[in-house]
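**Q** my questions are about this predicted structure, shown below with the sequence.
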Amino acid sequence: METVSDVELDALDQSLVQALVIDGRAPFSRIAEVLEVSDQTVVRRYRRLRTDGLVRVVGLPQGSRIGLFESWLRVQCAPDAALPVAEALARRPDIAWVTLNSGGTEIHCMTRARTRKDRDALLLEKLPRTRRVTGISAHTILRKFFGGPDAWAGVDVLRPDQIAALARPPVEPGQERYVLDETELTLLSLLGRDGRAGYPDLARATGLSESTARRRVERLRDLGALFFDVEFVPSLFGYEAEATLALTVPPARLAEVGAALAGHREVPFAAAVTGAASLMAVVVCRDTDALYTYLTERIGAVDGVGQVEVIPTLRSVKRAGMLVEDGQRLVDPPPAP
């Protein structure tokens, strides 16, 4: 079977991926117009990328807007237990992403629990009772500086005018928490498996008309409760080194340092967290030499950063709700129980 390392995306493939990063539900006709190709070409390319497990568009809730309890977990395991535990965590619908880190004995994951009770059940009951789990540290996400609806700059092949033609107006998040109704929860569940699910399919699953389903989706986007993420394996774009950084930053400098990291093209996710390290960031670089350069020249130049722990990512097990087969290809998760 062909591996991801054997796959080469041509210029059109890369342009299509960036177009989807900008707006994951942009009509294929609109993408085709911007990329200056036919509709059929865009549809054919997207279907190939998705069928081959190279790209997935998923609709995700904006946790801070709808009141999800989000935490970054570091789970220590015996060496022979780390992968089975990581795979078990990846099958949970309340876990957004899972990686194997460090020497293969530490798992990182992001929880997105709907209630405090659900979060506490995982942290206080399920994980502590799991055989061969030797330690757990939970860090509440306090403030995201980059990630979620923000478009990662690591995919950068389109012209400025093409980007502008695809970009949606920025969403001004409301101050009050938005409470999803049962129909909206069903929509999010469906879009979490396929962010480009057609309105006829969404209508059938919810009992709404197609026009009402369309309005509901657009309303959730306009409210900042729903965004569309594009997941792919970074090595497809030549990024071979991934790591998590845990940074110690004084509270008075946290917003400034977080904003600085949010402006780094190497960073697809950065957030203020609880714990001894007050800021965590995911970093994606071309190779280990580029990671070294990033640490010494970019992080080293940011005033306010104290200690930095660099935790290499050995393998991705789940990305944005999509399982990662053999650390390479994105596959659909099992249906939620």
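**A** Happy to help now that I have it.
**Q** you'd agree residue 240 is up against residue 284?
**A** No: assessed by Cβ atoms under 8 Å, residue 240 is found out of contact with residue 284, at 9.1 Å. Just so you know, the C-beta spots here come from the backbone N, C-alpha and C atoms, and that holds for glycine as well.
**Q** neighbour count for the two, which is higher?
**A** residue 284 (23 against 14; other Cβ atoms under 10 Å).
**Q** CA atoms only for the stretch of helix or strand the more buried one belongs to, dumped as CSV, please.
**A** In the assignment (DSSP states H and E), residue 284 maps to strand 279-285. Taking C-alpha atoms only, strand 279-285 is exported to CSV below (Å, rounded to 0.1, in the frame of the first residue of the first chain):
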residue,chain,number,x,y,z
LEU,A,279,1.3,28.5,28.0
MET,A,280,1.3,25.5,25.6
ALA,A,281,1.9,25.5,21.9
VAL,A,282,1.9,22.9,19.1
VAL,A,283,4.8,23.5,16.7
VAL,A,284,5.2,22.1,13.2
CYS,A,285,8.6,22.5,11.4
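**Q** and residue 10, how far from residue 234?
**A** Counting by Cβ to Cβ, to the nearest Å, the separation of residue 10 from residue 234 is 18 Å.
**Q** more crowded one of the two?
**A** Of the pair residue 10 and residue 234, residue 234 is the one with more neighbours under other Cβ under 10 Å, namely 21 against 9.
**Q** run a quick neighbour tally on residue 310.
**A** 15.
**Q** Validate this expectation: it resides in a helix.
**A** No: counting by DSSP: H, G, I helix; E, B strand; the rest coil, one finds residue 310 to be strand, located in no helix.
**Q** give the contact list for the residue nearest to residue 90 when sequence neighbours are not counted.
**A** Once flanking residues are discounted, residue 90 sits nearest to residue 318: 3.9 Å by Cβ to Cβ, 6 or more residues apart in numbering. By Cβ atoms under 8 Å, 6 or more residues apart in numbering, the contact set of residue 318 is 89-90, 95-98, 109, 324, 333.
**Q** so among those residues, where is pLDDT lowest?
**A** Across the contacts of residue 318, the smallest pLDDT goes to residue 333, namely 68.
**Q** run through the stretch 201-337 of the chain and note the low-pLDDT ranges.
**A** 326-328, 333-337 (pLDDT under 70).
**Q** cutoff 50 now
**A** 337 (pLDDT under 50).
**Q** so the residue nearest to residue 90 is in which element?
**A** Using DSSP H and E, the element containing residue 318 is strand 308-319.
**Q** three-state assignment of residue 169?
**A** Applying three-state DSSP: residue 169 is coil.
**Q** beta partners for the nearest residue to residue 123 once chain neighbours are set aside?
**A** Using Cβ to Cβ, 6+ apart and skipping the chain neighbours, the partner closest in space to residue 123 is residue 138 (5.5 Å). Under DSSP bridges, the beta-bridge partners of residue 138 are residue 73.
**Q** just to check, residue 138 is in contact with residue 70?
**A** No: if you go by Cβ under 8 Å, residue 138 and residue 70 don't touch, sitting 10.7 Å apart.
**Q** circling back to that earlier point, list the buried residues of the strand holding residue 318.
**A** Of the residues in strand 308-319, 308, 311-313, 315-319 count as buried by neighbour count, 16 or more other Cβ atoms under 10 Å.
**Q** quick check: neighbours shared by residue 240 and residue 284?
**A** Shared contacts of residue 240 and residue 284, counting by Cβ under 8 Å, 6+ apart, come down to residue 234.
**Q** number of residues surrounding the nearest residue to residue 314 once chain neighbours are set aside?
**A** With sequence-adjacent residues excluded and distances taken as Cβ to Cβ, 6+ apart, residue 314 is closest to residue 100, at 4.7 Å. Residue 100 is flanked by 23 other residues according to other Cβ under 10 Å.
**Q** in which helix or strand does residue 100 reside?
**A** strand 95-101.
**Q** now the helix or strand harbouring residue 86 and strand 95-101, what's the angle there?
**A** Element membership for residue 86, per DSSP H and E: helix 82-90. Computed by axes from the mean of the first three to the mean of the last three Cα atoms, to 10 degrees, the angle separating helix 82-90 from strand 95-101 equals 170 degrees.
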